[in-house]
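In: what follows is a predicted protein model with its sequence.
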Amino acid sequence: MRPADDTATTVEDDPPPTGHPAPAAGPKGRAFVLATGLVVTVGVLALVSMASVALGARSVPFSTVIDAFLAPDGSNDHTVIRELRVPRTLLGLGVGATLGLAGALMQSLTRNPLADPGLLGINQGAALGVTLALGLFGLSDPAVYIWFAFGGAALASAVVYALASARRSGSSPVRLALAGVAFGMVCTAVASAILRMDTQTFDRMRFWLTGSLAGQTADTLLRLAPFMAAGLVLGLLLARPLNLLALGDDAGRALGVAVNRTRVLTGVAVTLLCGAATAAAGPLWFVGLIVPHAVRAVVGPDQRWVLPYSALAAPVLLLAADVVGRVIARPGEVQVGIVWAVIGAPIFILLARRRRVAAL
């Protein structure tokens, strides 16, 4: 018979029995994996950004792209890269991040995994505001008509929530979606009527209405950047209260969450994000719907991870779609809104047909 201490040592050193699963990683291990995933996503975003600068409707050697940053000489290729592609790439980063985060915020607030700024009418409200600014008032400066975009987005948010909350039982995901679709159709109809009456405004807006990152300058990006940054910071700070609200309003109040203030701040963040993105690139569909849903299926319902992942993953896909649109139709290009519609519509149908979606 072996000594007791020898037995203890043998049991401690023996590997676990074959066929049994290894112990699950603890919270620290999961946090490390998710943090590593964020770093990898940032790296992929950097690669896609470089591709957006290097690739386009016009073929430019990669060495010329490097020279445009290190030793610009004012040549035509260098001008295209520095004055067109770089601002376009930066705009894609900002618009993708804002729409991805806005979609995640709306899905968390409404507890509806199929909610997004387009489905709830916010994009259409912002687009109507820009149409009024351009078509009726002749305002073509983004620094001016962005306020119309914010006003339209805020009006859409208020009207849709009021319509969905008209009954005593309050709002529900189904009523929010129905109210958003209905109000969005009204906004689209009014904007279309304005454009039909003014062909000059229609010619100026037809590319913007399909959703495009082209045609904006660095000056436009600088004017819109403060609104995007404010919405991004505010939205990311709401992760903890939104996590607690997911337990229910009563449980959230018991845990110290100011429910009404959280909802108002979330609405402000969504208005800033959608208003700035729509004013810059036009109404882009499915970005705020598909990306947060896919992120939540990977990282789970914790908003501390869903929000930053959505803000990073959305510009990866948006810039990739923009590059595809520039490459497939050389020497012309297909607007990113069209590319996203082709990609996003089938995915949306698959999500709608699923019996179960990622939990909120």
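Out: Structure received.

In: what pLDDT does Ala251 get?
Out: Looking at Ala251, its pLDDT reads 90.

In: show me where the stretch 101-250 of the chain has its helices.
Out: 122-135, 142-164, 173-197, 199-210, 218-237, 239-245, 249-254 (DSSP state H, counting those that start in this stretch).

In: what helices and strands are in contact with the shortest one?
Out: The contact analysis (3 or more C-beta pairs under 8 Å, 6 or more residues apart in numbering; DSSP states H and E) places helix 249-254 against helix 239-245, helix 259-281. C-beta here means a position set from N, CA and C on the backbone, and glycine is covered the same way.

In: of all those helices, which lies closest to Leu128?
Out: helix 259-281 (10.0 Å; C-beta to C-beta).

In: low-confidence stretches in the protein?
Out: Counting by pLDDT under 70, the chain has low-confidence residues at 1-26, 167-173, 351-352, 354-360.

In: what residue is smack in the middle of it?
Out: Centroid check for the chain by C-alpha atoms, centre = their mean gives Gly100 as the closest residue, at 1.6 Å.

In: so it sits against Ser310, correct?
Out: Yes - proximity of Gly100 to Ser310 meets the contact threshold set by C-beta atoms under 8 Å, at 4.1 Å.

In: what residues are shared contacts of these two?
Out: Val291, Pro292 (C-beta atoms under 8 Å, 6 or more residues apart in numbering).

In: any idea whether Trp285 is helix, strand or coil?
Out: Secondary structure, DSSP: H, G, I helix; E, B strand; the rest coil: Trp285 is coil.

In: so it sits right up against Gly344, yeah?
Out: Yes - with contact defined as C-beta under 8 Å, Trp285 reaches Gly344; the gap is 6.1 Å.

In: now do the contacts for Ala102.
Out: With C-beta under 8 Å, 6+ apart, Ala102 has these contacts: Asp116, Pro117, Ile122, Gly231, Gly235, Ala269, Val270, Leu273, Cys274, Ala277, Gly288.

In: need the contact list for the spatially closest residue to Phe150 that is not a sequence neighbour.
Out: Nearest residue to Phe150, sequence neighbours excluded (C-beta to C-beta, 6 or more residues apart in numbering): Gly275, at 3.8 Å. By C-beta under 8 Å, 6+ apart, Gly275 lies in contact with Ala126, Ile146, Ala149, Phe150, Gly152, Ala153, Ala154, Phe227.

In: again, only this time at 7 Å
Out: Residues in contact with Gly275 (C-beta atoms under 7 Å, 6 or more residues apart in numbering) are Ala126, Ile146, Ala149, Phe150, Ala153, Phe227.

In: how about Leu34?
Out: Val299, Trp305.

In: and it, what element?
Out: helix 27-54 (DSSP states H and E).

In: pull out the buried positions in that helix.
Out: Leu34, Gly37, Thr41, Leu45, Val48, Ser49, Ala51, Ser52, Val53, Ala54 (16 or more other C-beta atoms under 10 Å).

In: check stretch 141-150 too.
Out: Those would be Pro142, Tyr145, Ile146, Phe148, Ala149, Phe150, for stretch 141-150 by 16+ other C-beta under 10 Å.
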